[in-house]
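Asks: mind folding the following:
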Amino acid sequence: DSQMDEIKKQREHQSKQGAKKNFKRQVASILESGNAPSWIESVTNDELKKCGGDSNRLFQLFVEGKGVFMLELDPEMLENAANRTDLFSTKQCDTILRRKAEIDAI
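Replies: Numbers count the residues shown, from 1 in each chain. Next comes the predicted model:
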């Protein structure tokens, strides 16, 4: 029984990892399309969930850049994201603005 539980846990973990990668790919394609500033102004939490993510996962992609490839972040998109207090906490918005300043300085 414990072996079956372990296999189940491994499959759930793999499924979650796959969903995270898929979400990152979808966000990356939006960023590459050049529509990111307008997308971030209107995207909803429900839309993020349909893509396999949420606002916290999106925040992590914006500020941490984990994984094999870094996302090409648009300063205008980050500024618009920092105004989305319906998606991000005040602290997250401040962090996004700091990330924008880092990119502007490059």
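Asks: CA only for contacts and neighbour counts going forward, please
Replies: OK.
Asks: pull out the buried positions in stretch 36-50.
Replies: Within stretch 36-50, the residues that qualify as buried by neighbour count (16 or more other C-alpha atoms under 10 Å) are 36-37, 40, 48.
Asks: can I get the residues you listed in a markdown table with pLDDT and distance to Ala82?
Replies: Shown next, in a markdown table, are the buried residues of stretch 36-50 (pLDDT from 0 to 100; distance: C-alpha to C-alpha, whole Å):
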| residue | pLDDT | distance to Ala82 |
| --- | --- | --- |
| Ala36 | 91 | 13 |
| Pro37 | 94 | 11 |
| Ile40 | 95 | 10 |
| Leu48 | 94 | 17 |
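Asks: select, from those, the two members most distant in space.
Replies: Farthest-apart pair in the buried residues of stretch 36-50 is Pro37 and Leu48; separation 15.6 Å (C-alpha to C-alpha).
Asks: out of the buried residues of stretch 36-50, who's nearest Lys21?
Replies: For the buried residues of stretch 36-50, the nearest to Lys21 is Leu48 (13.4 Å; C-alpha to C-alpha).
Asks: please name the nearest non-neighbouring residue to that closest one.
Replies: Closest residue to Leu48 apart from its sequence neighbours, by C-alpha to C-alpha, 6 or more residues apart in numbering: Asp54 at 5.0 Å.
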